[in-house]
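Participant: Everything below, folded, please.
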Amino acid sequence: RTLTFTDNGIGLSRQEAIDNLGTIAKSGTKDFMSKLSGDQKSDAQLIGQFGVGFYSGFIVADRIVVESRRAGLPTSQGVRWTSTGAGDFEVDDIERPQRGTSVTLHLREDAEEYLNAWKLKSVIGKYSDHISLPILMEKEEWKEGENDQPGDMVKTGEWEPVNKASALWTRPKKDITDEQYAEFYKTISHDYADPLTWSHNRVEGSTEYTQLLFIPSKAPMDLFNRDKTAGVKLYVKRVFIMDDAEALMPSYLRFVKGVIDSADLPLNVSRELLQESRDVKAIREGSTKRVLSMLEDLAKKQKAAVENAAAKIDVGSGESVPAPEPTEPIDGVTDVADKKEAAPAAETAAEFAADADAGKYATFYAEFGAVLKEGLGEDMANSGRIAKLLRFASTNSDAVAVSFADYKARMKEGQEAIYYITADTLAAAKNSPQLELFRKKGIEVLLMTDRVDEWALNYLHDFDGTPLQSVAKGAVDLGGLQDEAEKKAAEDAAESFKPVLERLKAALKDKAEDVRVTTRLVDSPACLVVKDGGMSTQLARMLRQAGQPAPDLKPVLEVNAEHPLVRKLEGETGHFDDLANILFDQALLAEGGLPADPAAYVRRVNALLV
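Facilitator: Numbering: from 1, shown residues only. Okay, the predicted model is just below:
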């Protein structure tokens, strides 16, 4: 059971075999590199430097035989080096016609799988597919057996390359076509679709590395599995090291695919070293900023194309106008969008934008927006950039396309906060009772429906100096948008309604922390809110569904003193407690929750119906 590796390099002399193979951690490559200088050293592309790689052969072999002859020496001065890995070795002089070296592994019984050609090709393809030299294996073909004997794979005597012997990311960008980039992406990601965009850069400085990063067009099934293998492959001088290099990319960017090739990291880099290395931290920071720059570029193109389309398309003319030319690549970001020859005049600006290059950011956000929001809590250094990339629906538009900057530009005069609401669904958010006063006054509210929204916004308190305010937390305060007459009317209503509020508090003492009159309601009788800075009932439900501990919240019940149902409570005696509980449960249902005792709720409603 032998496996032999042969090269036609410069080979080893007898003394070099003793010095380099007979001493652990003695690296001939490292010594050779130390004698080079300037361009010779940078162009050498040598990878071994520890003197331990050779000894990894003893993991699968119980004996290793090395035969070699140094170039320039006579054929009679070949050398055979033999060791069982027990601490000693033998050296013999041999006749060797060809220069170079052959290493023969006498495999252990439990390592016979490495005699299989497909297994060898798999290992070579994973770890050495991109080294600069070709690796050849003898070609095998299937031969049918004779006389009812089973067939077998037989060697043909021909040699075939089993690695690509090239690394796309090492070539100049100008020499690589869009099709080659897309094909490489599909190879490393096992995706069938083209990427949305990519960035190919060589970074020089205190830490030198090359990055080729792709943003996919479709989210994988396991996107929300934070323990899944990351999508960035780490190479050191073209040699594959690991494909779950989470230390090179933050978790909230786990959708990014690509390669990072560093010349500064050691080949025996471990996960522990990745966590501690200053070079790795520099690579992580640089790669994170590069991905955010790609996303910012897509977002800018989307905004520019929408504005351009709105300005150029004449819907009533019946004519076509030229589509905007794609923007030149920025900061190494290469765009793969096809050019559109013309945009039909009958299309709206939004439709045109969807067809043009601009639609890419909308595509990205629909697939990965929820994951991007995790960065608000995980990457404080870049939280400002991340916030600018977020998009939401609003009371002005169901499309998830409103940025914080868009919202600020439309804020009413005197408005002091960015208002938002979180809910399980868009319908629940749009129809929430908490929005009634805001609709009445024409104040836009952002509608947030991702499960991660409330958690993420705990880390974002303002945007460019404007505070964020949940309309479902704390007492409603519109500042200068609420006139003094309204405030006075609310205070008077609260005072006159005080006896009913006390009775409601007593009836709902196990459900509600407090009961108070509110001005935020117009058409609904009641709604639930939580204290300013408290956990919402929606987030508590989400935590419980995920099997996480969550506090038993007692929300505040706010009632509309002008609503007929609430007014009815003033003179109610026999069914007051039932009405109070129905009022609370209906408010809970309106925000997407469920009564703690649905059967009791049904009984109370039925009792009032008969």
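Participant: And Gln482, what's its pLDDT?
Facilitator: For Gln482, the model assigns a pLDDT of 71.
Participant: no, scratch that, I was asking about Ser34
Facilitator: In the prediction, the pLDDT value recorded for Ser34 is 54.
Participant: same deal with the one 3 residues further on?
Facilitator: Reading off the confidence values, Ser37 has pLDDT 50.
Participant: Spit out the contact partners of Glu67.
Facilitator: Each residue near Glu67 by C-beta atoms under 8 Å, 6 or more residues apart in numbering is listed here: Gly78, Val79, Arg80, Trp81, Ile94, Arg96, Thr101, Ser102, Thr104. For the C-beta atoms, the positions are set from N, CA and C on the backbone; glycine is no exception.
Participant: Which stretches in the stretch 1-150 of the chain count as helices?
Facilitator: Shown for the stretch 1-150 of the chain, the helices assigned by DSSP state H, counting those that start in this stretch span residues 14-16, 28-34, 39-43, 117-127.
Participant: Which strand residues bridge Ser397?
Facilitator: Note on Ser397: beta-bridge partners Ser394, judged by DSSP bridges.
Participant: least reliable of the helices of the stretch 1-150 of the chain going by mean pLDDT?
Facilitator: The weakest mean pLDDT among the helices of the stretch 1-150 of the chain belongs to helix 39-43, with a mean of 48.
Participant: Got the phi and psi for Gly85?
Facilitator: Geometry field for Gly85 lists phi and psi as phi 80, psi 10, criterion degrees, to the nearest 10.
Participant: OK, contacts around it?
Facilitator: Tyr55, Phe58, Ala61, Asp62, Arg63, Ile64.
Participant: for the stretch 351-500 of the chain, what are the low-confidence residue spans?
Facilitator: Within the stretch 351-500 of the chain, the stretches with pLDDT under 70 are 351-358, 479-480.
Participant: before we move on, back to that, what is the nearest of the contacts of Glu67 to Lys488?
Facilitator: Thr101 (94.6 Å; C-beta to C-beta).
Participant: circling back: please indicate which of the contacts of Glu67 has the highest neighbour count?
Facilitator: Val79 (25 neighbours; other C-beta atoms under 10 Å).
Participant: Identify the residue nearest the residue of the chain most remote from its centre in space, chain neighbours excluded?
Facilitator: Checked against the mean C-alpha position of the chain, the extreme residue using C-alpha atoms, centre = their mean is Ser76, at a distance of 59.8 Å. Using C-beta to C-beta, 6 or more residues apart in numbering and skipping residues adjacent in sequence, the residue nearest Ser76 is Glu95, 5.8 Å away.
Participant: circling back to that earlier point, Arg69 is in contact with the residue farthest from the centre of the chain, correct?
Facilitator: No. Using C-beta atoms under 8 Å, Ser76 makes no contact with Arg69, being 9.2 Å away.
Participant: show me the contacts for the residue nearest to Arg99 when sequence neighbours are not counted.
Facilitator: Beyond its immediate neighbours in the sequence, the residue positioned closest to Arg99 (C-beta to C-beta, 6+ apart) is Ala71, lying 4.4 Å away. Residues near Ala71 by C-beta under 8 Å, 6+ apart: Gly9, Ile10, Gly11, Arg99, Gly100.
Participant: All good on my end, thank you.
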